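Colleague: Quick one: sequence and predicted model below, then my questions.
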Amino acid sequence: MKMFKDLEFKPRGFGGVGAHHAFDNGMEISVQASKINYCTPKEDLTSPDDFSTFEVAIMDNQGEFVTKDFMPDANDGVLGWQGRGDINTLMLLVQSTKA
């Protein structure tokens, strides 16, 4: 099972860092942090280690946002201020779901 530690963060062209991972079931997770994301701190830093929370989105195998299917509190398809433990829990839920 993939966990937060397995995500490969890359610098984003407009600032901050982000990671995308496609799971074997065809679903994908997006984890982002920058001054425009729902994260802590809201700054354009260069390492995921510099952030304590992140903005997360889940997409199905058609590329549609399905974050609310896993977390009913998600606004506009994203869930803000998620810690590493929260993201691990979400990743486990997504991986145990059939697309």
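Modeller: Yep, that arrived. Residues are numbered from 1 along each chain as shown.
Colleague: May I have the beta-bridge partners of the residue nearest the centre of the chain?
Modeller: With distances taken as CA atoms, centre = their mean, the chain has Val31 as the residue nearest its mean C-alpha position (2.6 Å). Judged by DSSP bridges, the bridge partners of Val31 are Ala19, Val56.
Colleague: was I right about it contacting Gly16?
Modeller: No: with contact defined as CB atoms under 8 Å, Val31 does not reach Gly16; the gap is 11.0 Å. C-betas here are computed from N, CA, C, even on glycine.
Colleague: what about Phe54, distance to Val66?
Modeller: From Phe54 across to Val66, the span is 18 Å (CB to CB, to the nearest Å).
Colleague: The two: which is more packed in?
Modeller: Phe54 (30 against 19; other CB atoms under 10 Å).
Colleague: Could you look up the SS state of the more buried one?
Modeller: Three-state call for Phe54 (DSSP: H, G, I helix; E, B strand; the rest coil): strand.
Colleague: Any figure for the gap between it and Ser34?
Modeller: From Phe54 to Ser34 the distance is 10 Å (CB to CB).
Colleague: cool, and Asp49?
Modeller: Asp49 is 15 Å from Ser34, by CB to CB.
Colleague: more neighbours, the two?
Modeller: For Asp49 versus Ser34, neighbours defined as other CB under 10 Å are more numerous around Ser34 (20 against 9).
Colleague: Next up, the contacts around the more buried one.
Modeller: Ser34 makes contact with Arg12, Phe14, Gly15, Gly16, Val17, Gly18, Lys42, Glu43, Asp44, according to CB atoms under 8 Å, 6 or more residues apart in numbering.
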